[in-house]
Structures are given as C-alpha cells and as structure tokens.
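In: Output the structure for:
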Amino acid sequence: MRFIELFAGIGGFRLGLERAGHQCVWANEFLEKPRSIYEYNFKHAPDGRDIRTIRADEIPDTDLLVGGFPCATFSVAGRRSGFSTEDTRGTLFFEICRLLRSKRIPYVFLENVKGLLNHDGGRTFGVIIASLDELGYDVQWECLNSKNFGVPQNRERIFIVGNLRGSPRPQVFPLGRCFATHDESSESQQGKEQRVFEPYLPTLDAHYNQVGGGGRAYIDESGVNAESSDGAVRVTQWRRSYFRDSKGEHTPTLTANMGTGGNNVPYVSVKAVLTPEREEKRQNGRRIKEDGEPSFTLTAQDRHGVIVGSTLRKLTPLECERLQGLPDDWTKWYRDGSLVPDSQRYERCGRAVTVNVIYEIGRRLPK
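Out: Okay, the predicted model is just below:
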C-alpha cells in the first residue's frame, strides 16, 4: 500500500513498513533534529510544517495513514494531561481525525504508550476508539511487547489498526510472539522458529547520555586471557570500568572475571540497570534486573546501563539502535553529514518505535 507517515521522527514506521512491501509517499515531522536524521537516511526530507497548518488537499492521496502521535500527555512519565486544552500535544490525535475525514483514507495504523489504556480511567482511549468509529472505521488493537519480536527490550506499546467500512478487514491481531527478520520473505517466515534474545536489556529513553556526570570521563577496558594446563585450555575474559575526573584521579574500579562456561566458552552474568548513577531511580519499582530478564523500557527520561559480571557500564548509542531494531548507525548523522551528539542519539532511540513490531504488523496489512 501507499502510505503517509505523520509525526515521523527518524522514520521507524517507514523502515518497518517498507521492509514489509509498502511505499511511503509523504511524511511530516515538525522537529528539526529528527527530520535531519530522517533526510540523511532516506535521502528525502519530510514536510516540516506544523501538521495543524497543512490542508488535506496538500497531502497526496494514499491507502494508509500511519503515525505514533505524541504520547507524553498519556505516558506515566509525562503529565498525563490527555486531551487537555493546556497541552496541545494530546489534541494532535484530532489532526489525524481531520485528515481521515477529509481524505477518506482506507486504512489507519497508530501507535502509543500502554498508559493510554488507563488514562483518565480508560476514558481517553474510549474517546480515541469512538472518534475512529464515528469516522467510519472498524478498529482492532493490541498491546504488544518488543521483547517478543526479536529485540532484547521490554517495551509495551498499544497498536491500533482501522479499516474504513467497505474496505477489506485485515486479520492483524492477536499477534502474540513473533521473531521474523526483515531480510527474509513473508512466505519463508511461516512456521519458522526465530531466536529470542537473552538476556533482555533496559527500555531505552531519551536522556541516556551519561552515567557518571560531574565532568568525569568514563573508561571501559577489557581483555581475554587463555591459559593451558594439562592439555586443557581455560579462557577467561575481564573488563574493568571506572570514571576519571578532571584531575586524573580514579573513582573505585569495578572488575569482572567471567570464568568459563561449557566447552571453554566464557560465561558472564548480564543485568540491565536503570540510571546507574542514581540509586533512588526506579522503573516499575526496580532499578536492576536479574540475569536473563527483559531490559527496562527505553524512554526519553531515563538513562540505561548494563552490569556485566561485576562491571557497570552504560549502553552505547549503537546498542540502543539495535534494541529498537534500527540499522546500525541510523542516528549517527544529520543531513549535512555532521555527527549527531550522543545525547541526541539516545533521545531519538528512546522516542522511536521498534521497527521489528512495525514490520510484523505491516506484513499483515493488505498489499
């Protein structure tokens, strides 16, 4: 299908849907920084105007409208003002309704945070579903977790698919667990078992740029030792991480000797940690996961790290991209080829949709 992408960000919807065989014909993103990253990667600049100022007749005709409409007003991390007149981000959903009403687009595909379900006692979600119903759409929806789609991140989001009455209704939900990879055809995925990533890492957020702060440099060193005794080879790995302040002094060093697993394969415990420099920071009451548990959800507010053995380090921008199913270095460059600061890379990953989930839903939409 031909689709238009609203609130496009860095193009997560487009990545997933184009891998599933659909075609983007127009995109809109008001914020300059994500728009610049989008243009570098797709070689196509999204319309940068405020969506509220764009007339329906200025947008190409399309089969599908997609978008993760701004969620800060619905998230547990935001003010939860919903459709408040004081916070216009919540009302941007009605810009989607305006375009659907004017253009009679056959299909709509939306994403938002899980908190949308219980905001204002469920009334906010009820308004959204009722609005789509009044516009003539039959709606199906499901809360899906990214950890069930081949990425090691615990990230629950609401996905809504609607079809204009008279258009064929796609069988999308329930979707459940799925581990298909985008480089294989839809036909080859049927009944094929895919690897589940263990252990899971924390949910990404948009404020993930530092672990130590305070002007300290973060040092991460590692190595491999191999020893032979009585014909047996013992392989050990080590890593130490520490902060070096402006005077060159070190804070206490963490070390890890990861030992030996079966067949002389080193084993190390890996635990996701939320905001390593703030012990009081919690997400759902916890700061450190157990070995093998899903990671915390990447968000725009928290920072994330990982404890490898007894070594604490922050996640890299590349790791955050992979947690969202993005191609490596997707957030690395602006349109002019200049480097994106790590702080922005973390934020863009935290605000993105998980590409793997979008791809799987896209496979189930009409072609």
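In: quick one, domains of the protein?
Out: The record's domain parsing of the chain by automatic domain parsing lists 2-195+352-363, 203-314.
In: Worst mean pLDDT among those?
Out: Sorting the domains of the chain by mean pLDDT places domain 203-314 lowest, at a mean of 56.
In: Helices of the stretch 251-367 of the chain, start to end?
Out: In the stretch 251-367 of the chain, the segments counted as helices under DSSP state H, counting those that start in this stretch are 317-323, 342-351, 355-363.
In: do the stretch 101-250 of the chain as well
Out: Under DSSP H, counting those that start in this stretch, the stretch 101-250 of the chain gives helices at 123-134, 186-189.
In: wouldn't Thr124 be in contact with Leu116 here?
Out: Yes: here Thr124 lies in contact with Leu116, judged by Cβ atoms under 8 Å, at a distance of 6.4 Å. (C-beta placed from N, C-alpha, C; glycine too.)
In: and Leu92, what does it touch?
Out: Neighbouring residues of Leu92 by Cβ atoms under 8 Å, 6 or more residues apart in numbering: 7, 51-52, 69-70.
In: returning to what we had before: Thr124 and Leu116: which has the busier surroundings?
Out: The residue with more neighbours, out of Thr124 and Leu116, is Leu116; 26 against 22, by other Cβ atoms under 10 Å.
In: can you pick the most crowded of the contacts of Leu92?
Out: Among the contacts of Leu92, Phe7 has more neighbours than the rest - 26 neighbours, counting by other Cβ under 10 Å.
In: Do I have it right that it meets Leu65?
Out: No: between Phe7 and Leu65 there is no contact, the gap being 11.0 Å when judged by Cβ under 8 Å.
In: Now Gln171: phi and psi?
Out: Main-chain dihedrals, Gln171, degrees, to the nearest 10: phi -90, psi 90.
In: Setting the sequence-adjacent residues aside, check what's closest to it.
Out: Distances taken as Cβ to Cβ, 6 or more residues apart in numbering place Arg364 nearest to Gln171, at 6.6 Å, with adjacent residues excluded.
In: ok, the one you found - contacts?
Out: If you count contacts by Cβ under 8 Å, 6+ apart, Arg364 has them with 170-172, 175.
In: Drop anything exposed from those residues.
Out: Among the contacts of Arg364, those classed as buried by 16 or more other Cβ atoms under 10 Å are Val172.
In: Kindly reformat the contacts of Arg364 as a markdown table containing distance to Val270.
Out: Output for the contacts of Arg364, formatted as a markdown table (distance: Cβ to Cβ, whole Å):
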| residue | distance to Val270 |
| --- | --- |
| Pro170 | 38 |
| Gln171 | 38 |
| Val172 | 34 |
| Leu175 | 28 |
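In: Can you tell me which of the contacts of Arg364 end up in strands?
Out: Assignment to strands by DSSP state E places none of those there.
In: Out of the contacts of Arg364, give me the two with the largest separation.
Out: The span of the contacts of Arg364, defined through Cβ to Cβ, is set by Pro170 and Leu175 at 11.6 Å.
In: Can you verify my assumption that Ile10 contacts Lys332?
Out: No: counting by Cβ under 8 Å, Ile10 sits too far from Lys332 to count as a contact (11.0 Å).
In: of those two, who's got more company?
Out: When Ile10 and Lys332 are compared on other Cβ under 10 Å, the one with more neighbours turns out to be Ile10, at 29 against 16.
In: Tell me who's in contact with the more buried one.
Out: By Cβ under 8 Å, 6+ apart, the contact list for Ile10 reads 34, 37-38, 41, 326, 330-331, 348, 352.
In: Same question for Val139.
Out: Contacts of Val139 were listed using Cβ under 8 Å, 6+ apart, and they are 129, 132-133, 160-162.
In: got a winner among these for most neighbours?
Out: When neighbours are counted as other Cβ under 10 Å, the busiest of the contacts of Val139 turns out to be Gly162, with 25 neighbours.
In: who's in contact with that residue?
Out: Under the criterion of Cβ under 8 Å, 6+ apart, the contact list for Gly162 reads 107-109, 132, 137-140.
In: How much space separates Trp333 from Gly166?
Out: 44 Å (Cβ to Cβ, to the nearest Å).
In: and of the contacts of Arg364, the nearest to Glu156?
Out: The shortest gap between Glu156 and any of the contacts of Arg364 belongs to Leu175, at 13.0 Å (Cβ to Cβ).
In: Can you verify my assumption that the closest one contacts Ile361?
Out: Yes: with contacts counted by Cβ under 8 Å, Leu175 reaches Ile361, the gap being 7.0 Å.
In: Compute the number of surrounding residues for Asp342.
Out: Using other Cβ under 10 Å, Asp342 is surrounded by 17 other residues.
In: That one reaches Leu318, doesn't it?
Out: No: the pair Asp342 and Leu318 does not pass the contact test of Cβ under 8 Å, sitting 10.4 Å apart.
In: How about the contacts made by Met1?
Out: 22-23, 62-64, 107, 365-367.
In: where along this structure do the strands fall?
Out: Counting by DSSP E, the strands of the chain are 2-6, 23-27, 64-67, 107-113, 137-145, 156-164, 203-205, 217-229, 232-244, 254-257, 270-274, 298-299, 304-308, 311-314.
In: now for the fourth one, which elements pack on it?
Out: Here strand 107-113 touches strand 64-67, helix 93-103, strand 156-164, going by 3 or more Cβ pairs under 8 Å, 6 or more residues apart in numbering; DSSP states H and E.
In: now Asn154: how far from Thr331?
Out: With the distance defined as Cβ to Cβ, Asn154 ends up 21 Å from Thr331.
In: what about the two, which has more around it?
Out: Thr331 (28 against 23).
In: out of the helices and strands packed on strand 107-113, nearest to Asn145?
Out: Taking Cβ to Cβ as the measure, the helices and strands packed on strand 107-113 were each checked against Asn145, and strand 156-164 came out nearest at 5.0 Å.
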